[in-house]
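1. Got a predicted model here, sequence first, then my questions.
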Amino acid sequence: MDLDQITISNLYKRKKNDRDIFQELMPTKVKEVLLVATLYDSYSIVREGQFSDKIRGEYLQLNLYAAPRFTSVNSREEALLILEHRDFDIVIIMAGLDKDIPVKIARDIHKLRPRIPLLLLVNNNADLRYFQIEGQKLDFVDRVFVWNGNSNVFLAMIKYVEDKKNLARDTQNGNVRVVLLVEDSIQYYSRYLPMLYTTIMSQTQVLVQDETEDDLHKILKMRARPKVILTSTYEEAVHIIKAYNEYLLCVISDVKFEKNGKDDENAGVDLLRYVKKTVTYPLPIMLQSHDITNAQRAREINAEFINKNSESLSMDILHFMYRRLGFGNFVFKDSTGTPVMEASNLIEFQEKFKIIPDSVLEYHSRRNSFSTWLMARGEINMAKQLIPIKFEDFESTQELKERCLQVFEKEKLEKLRGRIINFNSSLVSSNRFIMRLAKGSLGGKGRGIAFISNFIENIDFHKLIPKINIRIPATAVIGALEYDKFLEMNNLYEDVHNHYDFEITKKLFLEAELDSKISKRLWKYIENVKSPLAVRSSGLFEDSLLQPFSGVYATFLIPNNNPDINIRYQHLVTAVKLVYASIYTESAQAYFDAVKYKIEEEKMAVVIQKVVGHEY
């Protein structure tokens with residue numbers, strides 16, 4: 001791309017940040033559900049079972065903030081009438097004692113609104129045989145589920161429809177992972193799906209809580225959870241594997257299901273062999289069957305096996321997900337498989353990785369445990385870089401450890417590039433992002449610097465002009481809320497408006513105390529930065545297009561080279577207080593009067609930047 005072709009518009013289309021990507025995920029959401037059931041079934045589900053409360057409870061428990069609205073009707077006529085006047089995202093038809101009427105209703109609804117997903121919900125397992133036979137003829141019904149009194153199945157039905165519709169877009173835009181379930185038994189997939197969704201959402205919730213991002217970012221990131229895709233034939237499963245090969249997180253397959261138009265006793269084993277041949281990275285696979293002799297067939301293809309007749313079937317699948325998919329904490333084990341230490345989040349994992357013994361590193365490297373756990377936690381790029389790293393390719397475990405640590409550090413900085421991050425004392429010297437020391441607006445100058453940081457970190461200028469290297473100095477910002485807190489804590493609001501002598505105002509500001517939290521952060525900052533600093537004003541009105549306030553407030557340069565850290569810290573604190581006070585200089589007040597702004601509307605953020613240059 002030529003330099004004169006670069007526009008802000010195409011730049012941001014080309015390189016989106018995490019928040020933009022998360023906002024684009026799950027564009028199709030189920031918000032309106034039409035439930036068609038007899039009066040008795042409707043009463044059983046909606047009223048006696050406190051259905052709405054249960055559904056909302058499921059959503060809130062999993063931090064899903066937009067529970068769909070259910071509308072219940074009791075007849076074919078009511079269903080068709082309401083569909084003519086209202087839009088629904090899915091229709092669920094309850095099949096009670098009469099099996100034919102629900103099918104007729106489904107057929108009529110499909111004729112009227114062919115694009116709406118239609119799901120049949122069977123009352124209990126006893127009614128399944130009829131629909132397992134009839135289901136092959138009901139091409140206008142998307143899926144048949146069985147209720148058995150468990151409200152979780154409604155969550156699974158809704159998420160099944162959402163995942164199916166959002167799969168292509170979300171994998172392409174957000175690198176979202178895919179759990180493939182191959183099962184043709186209505187009874188079993190009605191049991192598996194609620195459990196899979198609940199486990200995955202709980203896992204995602206834990207990961208999101210580990211982060212220090214704002215609440216909106218946490219909510220958005222919930223959208224990046226792995227998809228669960230249900231297929232029931234060999235051909236459907238192969239299609240998903242081919243189309244989403246690089247996004248697969250695991251494959252769970254039955255043994256016997258349809259292949260080439262008829263039931264095949266070898267379909268599951270053939271499918272998992274196809275997976276192992278097709279997928280180029282270590283992928284957890286599981287075979288499940290009523291026949292215990294299939295355990296040997298699973299071992300032959302290096303797959304996990306679960307007995308469908310097991311009394312602990314649900315727990316067996318959960319155990320597989322936590323042990324093989326990397327859900328839950330990472331347990332470091334030695335060469336004998338004995339647990340040595342544990343990490344609950346990425347920060348703990350990286351810290352403990354530095355000190356693990358050689359035997360632990362070898363044990364997990366040979367099993368691809370690190371990449372599996374990272375993949376399950378959404379650290380896709382990091383996991384992909386670790387997968388090709390083989391234990392036998394290194395002369396020593398120390399070399400292997402250093403290589404892995406390089407990947408961790410590179411990915412950590414890559415994720416932060418061009419962003420505004422919360423305070424981290426170990427990163428204060430980096431110029432690849434803006435560090436926020438306290439909450440609130442960045443002010444005009446801080447906002448401009450943050451924009452430029454985001455701009456230059458999202459385009460490779462070196463490729464456009466080989467000899468150019470554009471960077472901003474390492475920058476930290478004290479948000480404008482801290483200015484309000486400073487005035488309030490020290491009871492300065494009244495004083496600053498009553499004293500017109502700036503020397504008195506300056507004295508009051510210098511004698512005042514900063515909040516303990518920002519004081520500790522400034523101390524940590526000065527511990528890690530030993531080069532000269534520019535402490536700069538960043539008022540809300542600064543750098544505005546109409547009234548720029550250029551040169552109105554103060555900037556202070558401090559040498560920051562005294563061997564005594566207490567003196568360096570005091571210099572920094574004094575500079576921050578003087579920047580705050582500079583709103584009330586005679587020249588600043590005169591400018592406010594000239595542009596007809598009110599001084600009490602101004603708030604001050606503070607930008608702290610390393611001074612660029614060489615020491616002589």
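-> Perfect, thanks for sending it. Residues are numbered from 1 along each chain as shown.

2. quick one: what helix or strand has residue 295 in it?
-> Assigned by DSSP states H and E, residue 295 belongs to helix 294-300.

3. ok now that helix, how far from the chain's centre?
-> The chain centroid and the centroid of helix 294-300 are separated by 36 Å, computed with Cα atoms, centre = their mean, to the nearest Å.

4. what does the following helix or strand past it contact?
-> Sequence-wise, the next helix or strand downstream of helix 294-300 (DSSP H and E) is strand 304-307. For strand 304-307, contacts defined as Cβ atoms under 8 Å, 6 or more residues apart in numbering pick out 284-290, 292, 294-295, 298-299, 313, 316-317, 320, 324. Any C-beta I mention is one placed from the backbone N, CA and C, and that applies to glycine too.

5. please redo it, this time with the cut-off set to 10 Å
-> Under the contact criterion Cβ atoms under 10 Å, 6 or more residues apart in numbering, strand 304-307 has outside partners 250, 252, 255, 284-292, 294-299, 312-313, 316-317, 319-320, 323-324.

6. buried sites along the helix holding residue 295?
-> 294, 295, 297, 298 (16 or more other Cβ atoms under 10 Å).

7. just the buried members of the contacts of strand 304-307?
-> Among these, those classed as buried by 16+ other Cβ under 10 Å are 250, 252, 255, 284-289, 294-295, 297-298, 313, 316-317, 320, 324.

8. So which residues of the stretch 51-200 of the chain form strands?
-> 69-73, 90-95, 118-122, 143-146, 178-182 (DSSP state E, counting those that start in this stretch).

9. One more: the stretch 301-450 of the chain?
-> Counting by DSSP E, counting those that start in this stretch, the strands of the stretch 301-450 of the chain are 304-307, 330-333, 339-343, 420-422, 434-438.

10. out of those, deepest packed?
-> Mean neighbours per residue, mean count of other Cβ atoms under 10 Å, is largest over the strands of the stretch 301-450 of the chain for strand 434-438, with a mean of 22.

11. which helices and strands sit right next to that strand?
-> strand 420-422, helix 443-457, strand 475-478, helix 481-489, helix 516-528, strand 604-610 (3 or more Cβ pairs under 10 Å, 6 or more residues apart in numbering; DSSP states H and E).

12. how far off strand 604-610 does the fifth one point, in degrees?
-> Between the axes of helix 516-528 and strand 604-610, defined by axes from the mean of the first three to the mean of the last three Cα atoms, to 10 degrees, the angle is 10 degrees.

13. Off-centre distance for helix 516-528?
-> With Cα atoms, centre = their mean, you get 30 Å for helix 516-528.

14. got it, and the shortest one?
-> Here strand 420-422 is found 16 Å from its chain centre; the criterion is Cα atoms, centre = their mean.

15. what's it packed up against?
-> Here strand 420-422 touches strand 434-438, helix 443-457, going by 3+ Cβ pairs under 10 Å, 6+ apart.

16. in the protein, which segments are predicted with low confidence?
-> Applying pLDDT under 70 to the chain flags the ranges 1-22, 43-66, 97, 132-137, 207-222, 460-462, 499, 543-547.

17. Which helix in it has the most residues?
-> helix 186-210 (DSSP state H).

18. Any buried residues in that helix, and which?
-> Residues 186-205, 207-208 are the ones in helix 186-210 that count as buried (16+ other Cβ under 10 Å).

19. could you dump the helices and strands packed on strand 434-438 to a markdown table with distance to residue 375?
-> Supplementary listing: the helices and strands packed on strand 434-438 in a markdown table, determined by distance: least, Cβ to Cβ, whole Å:
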| stretch | distance to residue 375 |
| --- | --- |
| strand 420-422 | 24 |
| helix 443-457 | 26 |
| strand 475-478 | 33 |
| helix 481-489 | 38 |
| helix 516-528 | 33 |
| strand 604-610 | 37 |
